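**Student:** have a look at this prediction, sequence included:
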Amino acid sequence: MRLRIAATAAACVFAMAMAAGPAVAHPGSHPGGQNGHHHPSPVTQVASQLISPLKVAFGPRGSYLVAEAFAGQLTSISAKGVKTTVVSAPGQEIAGVSYSNGTTYYFNNDQGAGPEPGAELLPARLMSIDHRGHTRQIADLSVFEAAHNPDGKTVYGVRNAAPACLAQAPYLQSTGELFSHPYSSAPANGGVYVGDAGSNSILFVSARGKVKLVKAVPAEPITIDASVVAAAAAMGMMVPDCMLGLKYYAQAVPTDITLNGQWLYYTVLPGAPGEDLGVGKAYRVNLHSGRTQLVAQGLAAPTGIAVDRNNHVYVAQLMGAGVSIIKNGRATTVLPAMMAADVAVSGHTLAAVTNALDEVNGGKLVTMGIR
C-alpha cells in the first residue's frame with residue numbers, strides 16, 4: 001500500500017507543476033453544490049511542513065493528531081498550530097491514527113527491504129496510548145493474516161483469458177498474497193475496526209487483541225481498454241491485444257474507514273493498473289446485516305472518508321480536486337486542494353491533510369466550518 005500511494009506522487013507533483021491557478025475539479029467532481037449554489041466555507045491553515053501526512057484525527061482538548069507516515073512519526077497539533085511529537089519511530093510507518101475516549105490508536109508497521117509490497121509478511125502492530133500516556137500493543141495484524149489470509153483464494157487480474165492469451169502476460173493473474181498493511185482505524189465499543197489495505201479486508205480487534213474478520217473486500221472489476229493499457233504500460237506492464245475488452249479484477253485496497261451508527265463506511269483505491277484511472281469508490285456496510293451499498297464511484301484515488309452529524313459523507317481524493325461531499329452518489333468539491341490524503345469531521349469542523357506527498361514544501365493540516 002505504501003508503494004501504491006507513493007506511485008501516485010509523480011502524477012500529483014506533475015499536476016501541481018501544471019496548476020497555475022486554483023485547483024480544478026476532477027471529471028465527475030463538480031465545484032459548487034446542486035445547481036451551483038454551494039459556497040465553500042473559508043479554509044484555515046493550522047500547520048504546514050508536515051512529512052507525508054496521510055491520516056488525521058481529532059484529538060484531546062481541541063488538538064489534531066496527524067500520522068506522518070513515511071517519517072515514522074505521530075504528531076499532535078494544537079488549534080494554534082503548535083506541534084508535539086507523540087510517537088517517533090524512524091524507519092517504521094506510522095499509520096491509521098484515530099482517537100476516542102482518551103485513547104489514541106495507530107499502527108506501527110515494519111517496512112520491507114524489497115521493491116514490492118507483499119514480498120514478505122512483516123509485523124503490523126495496532127498500538128494504543130491511554131490518557132496517562134501508557135503505550136501498549138493490542139495486536140499484530142500480520143499474525144491473523146498468516147493464519148487466515150482473507151483474500152488468499154481471490155483471483156486478481158484477468159480471470160477469463162484463453163490460456164494462450166494469458167501465456168503472453170502471466171503476470172496479469174495472481175491470487176492474494178500474504179500481506180498485512182493496516183492503514184485505517186475506527187474505535188468502537190469493545191475494540192477497534194481496522195481497514196487492512198494489504199489483506200484487502202476489514203477487521204475488528206477487541207480490546208484484548210482478538211482479531212475477527214468483518215468483511216473480505218471483493219476485487220474491483222475494470223474493463224481493459226486503451227486507458228488501462230496505457231496505465232499498465234506506464235508501470236512497465238505489457239497488456240496483449242487479446243485481453244482488450246476483458247475484465248481486470250483489481251485488488252480493492254481499502255484506504256479509510258469510519259463509523260456512523262450501524263454503518264461502516266469505507267473507501268477503496270483499486271490496485272494497479274486502476275490507481276490513476278479515477279475508478280475509486282466509497283461504500284458502506286451494515287455491521288448487523290452485512291449488506292453493502294455503493295455510496296459513490298468514479299473517485300480519483302479516495303484515501304479518506306468521514307460522515308458528519310447530518311449523515312453527510314465527505315471524501316478526500318488524493319488525485320482529485322480535494323475534499324468532496326457526496327450527495328446522491330455525486331461528488332461536489334467543498335475544499336479545493338492538491339493531494340488531499342484524509343478528512344475527519346467533528347461537530348461543525350472539518351479537518352483535512354493536503355499536499356500530502358509534496359516532498360519539497362511538505363504537507364498541510366487545514367480546517368473549515370461545516371453546517
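**Tutor:** Everything's here; your move.
**Student:** per-residue pLDDT, the nearest residue to L166 once chain neighbours are set aside?
**Tutor:** Nearest residue to L166, sequence neighbours excluded (C-beta to C-beta, 6 or more residues apart in numbering): Q173, at 6.1 Å. Yep, even glycine has a C-beta here, placed from its N, CA and C like the rest. pLDDT for Q173: 96.
**Student:** what about Q173, neighbour count?
**Tutor:** By the criterion of other C-beta atoms under 10 Å, Q173 has 15 neighbours.
**Student:** surely it and Y156 touch.
**Tutor:** Yes. Between Q173 and Y156 there is a contact under C-beta atoms under 8 Å: 7.2 Å.
**Student:** show me the beta-bridge partners of V343.
**Tutor:** For V343, the beta-bridge partners are A352 (DSSP bridges).
**Student:** and it, what pLDDT?
**Tutor:** Reported pLDDT for V343: 98.
**Student:** residue contacts, it?
**Tutor:** V343 is in contact with 56, 304-306, 314-316, 323, 335, 350-352, counting by C-beta atoms under 8 Å, 6 or more residues apart in numbering.
**Student:** and V205, by the same measure?
**Tutor:** Contacts of V205 by C-beta under 8 Å, 6+ apart are 126, 138-139, 141, 191-194, 211-212.
**Student:** check which helix or strand covers it.
**Tutor:** Using DSSP states H and E, V205 maps to strand 201-206.
**Student:** what residues sit buried inside that strand?
**Tutor:** Buried residues in strand 201-206, counting neighbours by 16 or more other C-beta atoms under 10 Å, are found at 201-205.
**Student:** quick check: the gap between the residue nearest to L166 and Y249.
**Tutor:** Counting by C-beta to C-beta, to the nearest Å, the separation of Q173 from Y249 is 9 Å.
**Student:** what do these two both touch?
**Tutor:** With C-beta under 8 Å, 6+ apart as the test, Q173 and Y249 both reach 155-159.
**Student:** and those, which is closest to H131?
**Tutor:** Closest approach between the shared contacts of Q173 and Y249 and H131, by C-beta to C-beta: Y156, at 42.5 Å.
**Student:** any idea what the closest one is bridged to?
**Tutor:** Beta-bridge pairing for Y156 (DSSP bridges): S174.
**Student:** what about it, how many residues nearby?
**Tutor:** Counted with other C-beta under 10 Å, the neighbours of Y156 add up to 22.
**Student:** same thing with the one 5 residues further on?
**Tutor:** By other C-beta under 10 Å, 20 other residues sit near A161.
**Student:** likewise for V360?
**Tutor:** What V360 shows, counting by other C-beta under 10 Å, is a neighbour count of 7.
**Student:** shaky segments in the chain?
**Tutor:** Regions of the chain meeting the criterion pLDDT under 70 cover residues 1-40, 113-119, 272-277.
**Student:** grab the most central residue of it for me.
**Tutor:** Note on the chain: the residue nearest the mean C-alpha position is T255, at 2.4 Å, using C-alpha atoms, centre = their mean.
**Student:** that residue: what's it in contact with?
**Tutor:** Applying C-beta under 8 Å, 6+ apart, we find T255 in contact with 1, 183-184, 195, 197, 266-269, 302-304.
**Student:** is it true that it lies in a strand?
**Tutor:** Yes. Checked against DSSP: H, G, I helix; E, B strand; the rest coil, T255 lies within a strand.
**Student:** from G152, how far out is the nearest residue to it once chain neighbours are set aside?
**Tutor:** Distances taken as C-beta to C-beta, 6+ apart place T303 nearest to T255, at 4.4 Å, with adjacent residues excluded. To G152, T303 is 25 Å away according to C-beta to C-beta.
**Student:** more crowded one of those two?
**Tutor:** Counted by other C-beta under 10 Å, T303 and G152 do not tie: T303 has more neighbours, with 32 against 13.
**Student:** is it true that that one touches G320?
**Tutor:** No. The criterion here is C-beta under 8 Å, and T303 misses it with G320 at 10.0 Å.
**Student:** OK, contacts around the residue in the chain sticking out farthest from the centre?
**Tutor:** Largest separation from the mean C-alpha position in the chain: A164, at 36.6 Å (C-alpha atoms, centre = their mean). A164 makes contact with C242, according to C-beta under 8 Å, 6+ apart.
**Student:** at 10 Å instead, please
**Tutor:** Shown in contact with A164 (C-beta atoms under 10 Å, 6 or more residues apart in numbering): 240, 242.
**Student:** that one looks like it's in a helix, true?
**Tutor:** Yes. Secondary structure of A164 (three-state DSSP): part of a helix.
**Student:** tell me the SS of A146?
**Tutor:** The three-state assignment at A146 reads helix, by three-state DSSP.
**Student:** count the residues that sit near it.
**Tutor:** So A146, with other C-beta under 10 Å, has 12 neighbours.
**Student:** nearest residue to it in space, please, no chain neighbours.
**Tutor:** Nearest residue to A146 in three dimensions, chain neighbours excluded: L121, at 5.9 Å (C-beta to C-beta, 6+ apart).
**Student:** wait, what's in contact with that neighbour?
**Tutor:** By C-beta under 10 Å, 6+ apart, L121 lies in contact with 110, 112, 142-143, 145-146, 149, 177-180, 198-199.
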